[in-house]
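Enquirer: Predicted model and sequence below, questions to follow.
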Amino acid sequence: MAAPIDLYTWNTPNGRKISVTLEEMGLPYAVHPVDITKGRQFDEAFLRISPNNRIPAIVDHDGPGGEPLSVFESGAILIYLAEKTGRFLPADRRARVQALEWLMWQMGGFGPMPGQVHHFLGVSDPQDQRYGLERYSKETHRLYGVMNKRLGAHEFFAGELSIADFAILGWAWRHERHQVDLNTYPNVKRWYDQMMARPAVQRGFAVGMN
């Protein structure tokens, strides 16, 4: 039996992307919490795995050639796991491009933008908060609109279930914190409810990370 993959993470959207994916792929893994509230992401041991001092990161003890391999950046981890298992990344080149497009869409937009909403919601001075919260809330709603349009024509983002869905779900999971009512985006709500009903997804969100 293969050694479990070590998952270094914390209870964040990016961390949950990986636990959901590992559960969906049926890969054994062990969670190692990295308490970012206490600066543990700057520990030298963690930096050897994730030089950008960000979670999540993994160590696959059964990497290419049977040798251990560490991977940082959640998008790179998702692609690595998909290629390792041959699952959730279409073999068809056109479909594969769509999955990667939506994965990069999440990495570049639907993550950084609602993440800024999280930040400015925590700013206590209304004068400092107003501009940033207005700007990033508007962009976050635009991104939900993009999702809603796509999901009006497709069951999943790349047509079939893929790592793009797992990546996007990690952030949609925080829609209440984004101050977004999913009833405003009915296609997103349909997809979200469908994803959250999956047993592996439920296990991925339930596993302890802190």
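Expert: Received, thanks. Numbering: from 1, shown residues only.
Enquirer: C-alpha from now on. contacts and neighbour counts both.
Expert: OK.
Enquirer: What distance do you get for the closest residue to residue 182 other than its chain neighbours to residue 157?
Expert: Using C-alpha to C-alpha, 6 or more residues apart in numbering and skipping residues adjacent in sequence, the residue nearest residue 182 is residue 189, 5.3 Å away. Distance check for residue 189 against residue 157: by C-alpha to C-alpha, to the nearest Å, it reads 13 Å.
Enquirer: so which helix or strand takes in residue 30?
Expert: Using DSSP states H and E, residue 30 falls within strand 29-33.
Enquirer: Render the CA-only coordinates of that strand in PDB, please.
Expert: Output of strand 29-33 as PDB, limited to C-alpha atoms (Å, rounded to 0.1, in the frame of the first residue of the first chain):
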ATOM      1  CA  TYR A  29      -3.300  11.400   2.900                       C
ATOM      2  CA  ALA A  30      -2.200  12.800   6.200                       C
ATOM      3  CA  VAL A  31      -3.000  16.300   7.200                       C
ATOM      4  CA  HIS A  32      -0.300  18.400   8.900                       C
ATOM      5  CA  PRO A  33      -1.800  21.700  10.000                       C
END
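Enquirer: Contacts for it next, please.
Expert: Under the criterion C-alpha atoms under 8 Å, 6 or more residues apart in numbering, residues 4-10, 22, 208-210 lie in contact with strand 29-33.
Enquirer: ditto for stretch 164-177
Expert: Contacts for stretch 164-177 (C-alpha under 8 Å, 6+ apart): 13-18, 20-21, 75, 99-100, 102-103, 106, 110-111, 118, 156-158, 181-182, 192, 195.
Enquirer: try stretch 185-195
Expert: By C-alpha under 8 Å, 6+ apart, the surrounding residues in contact with stretch 185-195 are 144-145, 147-149, 151-152, 155-156, 169, 172, 182-183, 201.
Enquirer: So which residues of the chain form strands?
Expert: For the chain, the strands defined by DSSP state E cover 5-9, 29-33, 57-60, 69-72.
Enquirer: and the third one, which strands flank it?
Expert: Strands adjacent to strand 57-60 in the sheet, as given by DSSP bridges, are strand 5-9 (antiparallel), strand 69-72 (antiparallel).
Enquirer: can you put these in CSV and add distance to residue 126?
Expert: Formatted as CSV, those follow (distance: least, C-alpha to C-alpha, whole Å):
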stretch, distance to residue 126
strand 5-9, 32
strand 69-72, 36
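Enquirer: tell me the most buried of those strands?
Expert: Most buried of the strands paired with strand 57-60, by mean neighbour count (mean count of other C-alpha atoms under 10 Å): strand 5-9, with a mean of 23.
Enquirer: ok, residue 189 and residue 157, which is more surrounded?
Expert: Neighbour tally, residue 189 and residue 157, criterion other C-alpha atoms under 10 Å: the higher count belongs to residue 157, 22 against 17.
Enquirer: So residue 156 versus residue 22, what's the distance?
Expert: The gap separating residue 156 from residue 22 is 19 Å, by C-alpha to C-alpha.
Enquirer: Settle it for me: which of the two has more neighbours?
Expert: Neighbour comparison, residue 156 and residue 22: the larger count goes to residue 22, with 22 against 19 (by other C-alpha under 10 Å).
Enquirer: so what's the more buried one scoring on pLDDT?
Expert: We have a pLDDT of 98 for residue 22.
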